[in-house]
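Student: turn this into a structure:
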Amino acid sequence: MKTIAFDVYGTLIDPQDIIREVEKLESQKAESLVDIWRSKQLEYTFRRGLMKLYVDFSQCTREALDYACLQTRTNLTDTQKKQLVEAYQFLPAFPDVEKSLLELKQAGHRLFAFSNGTKIGVETVLKNAGIINYFEGVVSADSIQTFKPDPAVYQHLIGKTKSEHSQTWLVSGNSFDIIGAVNFGLKAAWVKRNPSVILDPWGVEPTVIISSLSELNSCLGN
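Tutor: Residues are numbered from 1 along each chain as shown. Next up is the predicted model:
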């Protein structure tokens, strides 16, 4: 039995689906706005983590949207921005997620959602995506007011799940998360959905690389 911690956005939940909501408000610049928004969202968590200037993930998301609107010269009202941030709670799971979670659950593994988002925010997203019942719990970086890949967040995961490093897997589509987990001493499965994405050349490698969550169960071993 393994303890498996799943990153949420970009691993279980497809953040790019937000483009559909943006297109309802601004069709011409939607793609570039979403790309900048997601990039800045992550950048702001990194910078705030380093500066010890914490705000929760939803605030980082709103600040990143403000930046993306300025960068693309997109005029959205405060109401429209609020609508887009709230739409993050209703993003869908990737198509391979539910079947894979069921298979892992039936194999006897302990499943946790592990996110920079707030606990209530993550629970809402998972519930709306129809997958919350597969998880034993949610481990949120918000509880210790910092963000992945701070080693303290992975220590928080170990503390909350009461699992051993050698039996704990991080599953993520985000390379920074994979490197953070391996650096801390966990096993890590990088979900490389896009074959053109590369891992940062830091000399830190994931335990396994998979193109779909459907491959995960066979990679875990005994």
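Student: any idea how far Leu216 is from Ser32?
Tutor: Counting by C-beta to C-beta, to the nearest Å, the gap from Leu216 to Ser32 is 33 Å. Where you see a C-beta, it was placed from the backbone N, CA and C, and this is true even at glycine.
Student: can you check Ala188 too?
Tutor: Per C-beta to C-beta, Ala188 is found 31 Å from Ser32.
Student: got the CA positions of the helix or strand where Val138 lies in PDB?
Tutor: Assigned by DSSP states H and E, Val138 falls within strand 137-140. Taking Å, rounded to 0.1, in the frame of the first residue of the first chain, the C-alpha atoms of strand 137-140 are listed here in PDB:
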ATOM      1  CA  GLY A 137      -8.200  13.800   2.500                       C
ATOM      2  CA  VAL A 138      -6.900  17.100   1.300                       C
ATOM      3  CA  VAL A 139      -3.400  18.300   2.300                       C
ATOM      4  CA  SER A 140      -3.100  22.100   1.700                       C
END
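Student: list the buried residues of the least confident helix or strand in the chain by mean pLDDT.
Tutor: Within the chain, no helix or strand scores below helix 19-25, which has a mean of 91 by mean pLDDT, DSSP states H and E. By neighbour count on 16 or more other C-beta atoms under 10 Å, the buried set for helix 19-25 is 21-22, 25.
Student: cool, and stretch 182-198?
Tutor: Here stretch 182-198 shows 182, 184, 186-193 as buried, counting by 16+ other C-beta under 10 Å.
Student: neighbouring strands for the strand holding Val138, and are they parallel or not?
Tutor: Strand partners for strand 137-140, identified by DSSP bridges, are recorded as strand 110-115 (parallel).
Student: could you chop this structure up by domain?
Tutor: When the chain is parsed with automatic domain parsing, its domains come out as 3-14+91-219, 15-90.
Student: what's the most buried one of these?
Tutor: Neighbour counts (mean count of other C-beta atoms under 10 Å) averaged over each of the domains of the chain peak at domain 3-14+91-219, with a mean of 19.
Student: end-to-end on that domain?
Tutor: End-to-end span of domain 3-14+91-219 (C-alpha to C-alpha, to the nearest Å): 14 Å.
Student: what's the distance between it and the middle of its chain?
Tutor: Relative to the mean C-alpha coordinate of its chain, domain 3-14+91-219 is positioned 7 Å out (C-alpha atoms, centre = their mean, to the nearest Å).
Student: quick one: contacts of the longest helix belonging to the chain?
Tutor: The single longest helix within the chain, with elements called by DSSP state H, is helix 30-51. Contacts to helix 30-51, defined as C-beta atoms under 8 Å, 6 or more residues apart in numbering, come from residues 15-16, 18-19, 22-23, 26, 53-55, 57, 60-61, 63-65, 67-69, 71-72, 74, 116, 146-148, 150, 174, 176.
Student: just the mean pLDDT for that helix, thanks.
Tutor: Helix 30-51 shows a mean pLDDT of 96.
Student: how far is that helix from where the chain is centred?
Tutor: The mean C-alpha position of helix 30-51 is separated from the chain mean by 13 Å, C-alpha atoms, centre = their mean.
Student: CA-only coordinates of that helix in PDB, if you can.
Tutor: Provided in PDB are the C-alpha atoms of helix 30-51 (Å, rounded to 0.1, in the frame of the first residue of the first chain):
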ATOM      1  CA  ALA A  30      -8.300  34.600 -24.800                       C
ATOM      2  CA  GLU A  31      -5.400  32.200 -25.500                       C
ATOM      3  CA  SER A  32      -2.600  34.700 -24.700                       C
ATOM      4  CA  LEU A  33      -4.500  36.000 -21.600                       C
ATOM      5  CA  VAL A  34      -4.900  32.500 -20.200                       C
ATOM      6  CA  ASP A  35      -1.200  31.600 -20.900                       C
ATOM      7  CA  ILE A  36       0.000  34.700 -19.100                       C
ATOM      8  CA  TRP A  37      -2.500  34.200 -16.300                       C
ATOM      9  CA  ARG A  38      -1.400  30.700 -15.500                       C
ATOM     10  CA  SER A  39       2.300  31.600 -15.800                       C
ATOM     11  CA  LYS A  40       2.000  34.500 -13.500                       C
ATOM     12  CA  GLN A  41      -0.200  32.600 -11.000                       C
ATOM     13  CA  LEU A  42       2.600  30.100 -10.500                       C
ATOM     14  CA  GLU A  43       5.300  32.800 -10.500                       C
ATOM     15  CA  TYR A  44       3.500  34.800  -7.800                       C
ATOM     16  CA  THR A  45       3.300  31.700  -5.500                       C
ATOM     17  CA  PHE A  46       7.100  31.200  -6.000                       C
ATOM     18  CA  ARG A  47       7.900  34.800  -5.300                       C
ATOM     19  CA  ARG A  48       5.600  35.200  -2.300                       C
ATOM     20  CA  GLY A  49       6.900  31.900  -0.800                       C
ATOM     21  CA  LEU A  50      10.500  33.200  -1.100                       C
ATOM     22  CA  MET A  51       9.600  36.700   0.300                       C
END
